[in-house]
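J.: Task: produce atomic coordinates for the following.
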Amino acid sequence: MTFAPPSPPVLRTFVAYVEDKPGVLNRIASLFRRRNYNIISLNVGRTHEPGVSRMTFQVEADRDMALRIEANLYKMVNVLSIEDLTEVQRVVRDLALIKVLVAPERRREVLDLVQIFRARAVDVSPETMTVEVTGDQGKIEGLVASLRPFGIVEMVQSGTVAMSRGSQGEAARAAHGARGPVASVA
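T.: This next block holds a predicted model:
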């Protein structure tokens, strides 16, 4: 009898629809802590439906661990549905605000760099400029590397948000009022 080796861990992107109630985030984070799953990115926000929040989190996990994560989340009372977006076409975005030290005579140079990355200046003071960029992690890292020579004063980055492309995942979104695993649409 031969056993297949475990699949290598990959960065997996999950979306969970949860009841918008106090303590839900704490209970889900505690589940990850107890199971020793490291959350790489976490974002929680409202949805278009009152009383429902959407959590997007990224975890390094192999296929078996991903299935355990889904099963453990479905056991939680406030979780309405889960989607693993890792293997479907998806739109993934992060947002970063980067404050750069820039003298007035070098602002045009920074603005030209910002334009290359399709970012934008959102604040200017006599000594600094704050830049907003959205995109994948590679785009953000590229802009940070380009701005580093000017002197980055401060930076903050949001957690990842993701959604499946087109009609993929509609079954999960439509069924988030139902309990139990939702078949993924590929």
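
J.: middle-most residue in this protein, spatially?
T.: With distances taken as CA atoms, centre = their mean, residue 160 lies nearest the centre of the chain, 1.6 Å away.

J.: Leaving out the residues flanking it, which one is nearest to that one?
T.: residue 41 (4.3 Å; CB to CB, 6 or more residues apart in numbering). Using the backbone N, CA and C atoms, a C-beta is placed for each residue, glycine as well.

J.: rewinding a little: my read: the residue nearest to the centre of the chain touches residue 43, true?
T.: Yes. Counting by CB atoms under 8 Å, residue 160 does reach residue 43; the two are 6.1 Å apart.

J.: which residues do the two both contact?
T.: residue 56 (CB atoms under 8 Å, 6 or more residues apart in numbering).

J.: related to what we said a few turns ago, show me what contacts the residue nearest to the centre of the chain?
T.: Counting by CB under 8 Å, 6+ apart, residue 160 has contacts 13, 41, 43, 56, 58, 92-94.

J.: Just put these in JSON lines and tack on secondary structure and pLDDT.
T.: JSON lines is the format used below for the contacts of residue 160 (DSSP: H, G, I helix; E, B strand; the rest coil; pLDDT from 0 to 100):
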{"residue": "13", "secondary structure": "strand", "pLDDT": "94"}
{"residue": "41", "secondary structure": "strand", "pLDDT": "93"}
{"residue": "43", "secondary structure": "strand", "pLDDT": "94"}
{"residue": "56", "secondary structure": "strand", "pLDDT": "95"}
{"residue": "58", "secondary structure": "strand", "pLDDT": "94"}
{"residue": "92", "secondary structure": "strand", "pLDDT": "91"}
{"residue": "93", "secondary structure": "strand", "pLDDT": "93"}
{"residue": "94", "secondary structure": "strand", "pLDDT": "94"}
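
J.: ok, so of those, who is nearest residue 140?
T.: For the contacts of residue 160, the closest approach to residue 140 (CB to CB) belongs to residue 94, at 5.9 Å.

J.: Report the beta-bridge partners for that closest one.
T.: Beta-bridge pairing of residue 94, defined through DSSP bridges, involves residue 135.
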